[in-house]
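Enquirer: need a 3D model of the following:
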Amino acid sequence: MEDQEAINRLRKLSSSPYNPETPKQRLLVNFFMVIARVFRRGGRITPHLYRGDNLSKVLYEYNNAHLFFDVLGRELSLNALNNKEVLDAGCGWGGKTIYYAEHFKLKSIHGFDIPKAYDPDAPSRYASSKKLTNCFFETGYAENMPYQNNSFDIVLMEDVLEHVEDPKKVIQECYRVLKLGGKLIIKFPSFKGMFSHHLDRAINLPALHYILPMRIWAQGLNYLLLDHKYKLSYEPFDEIISTPYRKFITHNLNGLDFRQFKKIIEKTDFKTMKLELKPFQLNIRSRFVKFIYILFWKLKILQEFLSSFILFIGEKNTI
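Expert: Sure, this is the predicted structure:
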């Protein structure tokens, strides 16, 4: 297929602001797609990614919002959110922001995400239907947040930092908009994690970014998406770029890992309350698999690969 024609077809299927990677047939990608289908590990279908109207995307996030606080409840008293001004930086479609406003005694909560990636009217209407008057939505970029200095008691950032173009600037912005003594709570996957390749909307197998370069995956998966005989449906993969943290990665990722993130935090004025890799909470019946996972988790050299995410809780220094 002609490259430009194929790229134009991919653009029509994409909600991303970036250009798609040029599709090319890659036999190894085809091979792993067959394996994924055999083991029923094909792409995940979620309204958040590409299916359904705007309201269904809001509802999908709303119904899954509790997962973040299931994690956070083990790390920080949820009473710490009471009567606080909260910012949900990179709020997606705003469903989880609405969940926080409804289930916790917040003074107010603001959510924002990048323009053209979501419609702030959709979560605003859903919040109004629930008669929530303390929930607000804007558009903006995490590197240049649309808020005044010292505006918030808490900044939440869930599964966002791995996507931003300038993580250092984002952390600086979080510090700026926090009040003295305010807390920043970040959860995001290290790119070195076995499921951190972000290819799972097409193929949901571990360690794919260790097996083949990201350019090969993006090219091959985009090719399969346009091949009608496969009848596949997922969001196209962005073009491959290089960042200060990783060479050759899709444009919607930066490749940040634990060591690199730790260096960023060390150069800020945040007081670190918690910074660590967190394991997967395995919801499987096999005690043997759980035992093996826990056994390997004890090996420090494997922890980042086996991790589910990085958790950081920091306080804006009052000194």
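
Enquirer: thought residue 194 was touching residue 207, still the case?
Expert: Yes: taking C-beta atoms under 8 Å as the contact criterion, residue 207 and residue 194 are neighbours in contact, 4.8 Å apart. (C-beta placed from N, C-alpha, C; glycine too.)

Enquirer: buried stuff in stretch 62-82?
Expert: Buried residues in stretch 62-82, defined by neighbour count with 16 or more other C-beta atoms under 10 Å: 62, 65, 68, 69, 71, 72, 76, 81.

Enquirer: more neighbours: residue 207 and residue 194, which one.
Expert: Neighbour count, other C-beta atoms under 10 Å: between residue 207 and residue 194, residue 194 has more, with 19 against 12.

Enquirer: could the buried residues of stretch 62-82 go into a markdown table alongside distance to residue 47?
Expert: A markdown table is the format used below for the buried residues of stretch 62-82 (distance: C-beta to C-beta, whole Å):
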| residue | distance to residue 47 |
| --- | --- |
| 62 | 11 |
| 65 | 14 |
| 68 | 18 |
| 69 | 21 |
| 71 | 22 |
| 72 | 24 |
| 76 | 29 |
| 81 | 27 |
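
Enquirer: can you tell me which of those residues is nearest residue 144?
Expert: residue 68 (24.6 Å; C-beta to C-beta).

Enquirer: tell me which helix or strand the closest one sits in.
Expert: Mapping residue 68 onto the secondary structure by DSSP states H and E places it in helix 66-72.

Enquirer: could you look up the next helix or strand downstream of that helix?
Expert: strand 85-89.

Enquirer: run me through the strand neighbours of that next one, direction for each.
Expert: Strands adjacent to strand 85-89 in the sheet, as given by DSSP bridges, are strand 108-113 (parallel), strand 152-158 (parallel).

Enquirer: list the buried ones in stretch 139-154?
Expert: When neighbours are counted by 16+ other C-beta under 10 Å, the buried residues of stretch 139-154 are found to be 140, 141, 142, 145, 147, 151, 152, 153, 154.

Enquirer: of the buried residues of stretch 62-82, closest to residue 159?
Expert: Of all those, the one sitting nearest residue 159 is residue 68; the distance, using C-beta to C-beta, is 8.7 Å.

Enquirer: residues contacting that closest one?
Expert: Residues counted as contacts of residue 68 (C-beta atoms under 8 Å, 6 or more residues apart in numbering) are 96, 156, 158, 187.

Enquirer: turn those residues into CSV, columns for neighbour count, distance to residue 198 and pLDDT.
Expert: Written out in CSV, the entries for the contacts of residue 68 read as follows (neighbours: other C-beta atoms under 10 Å; distance: C-beta to C-beta, whole Å; pLDDT from 0 to 100):
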residue, neighbour count, distance to residue 198, pLDDT
96, 26, 19, 94
156, 27, 21, 96
158, 22, 15, 95
187, 21, 15, 96
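
Enquirer: tell me how many other residues crowd residue 265.
Expert: Around residue 265 sit 16 other residues, with neighbours defined as other C-beta under 10 Å.

Enquirer: check the offset of the helix or strand encompassing it from the chain's centre.
Expert: Counting by DSSP H and E, the secondary-structure element that holds residue 265 is helix 258-266. Counting by C-alpha atoms, centre = their mean, to the nearest Å, helix 258-266 is centred 18 Å from the centre of its parent chain.

Enquirer: list the buried residues of that helix.
Expert: Judged by neighbour count using 16+ other C-beta under 10 Å, the buried positions of helix 258-266 are 258, 260, 261, 264, 265.

Enquirer: try stretch 220-233
Expert: Burial within stretch 220-233, assessed by neighbour count using 16+ other C-beta under 10 Å, is assigned to 220, 221, 222, 223, 224, 225, 226, 232.
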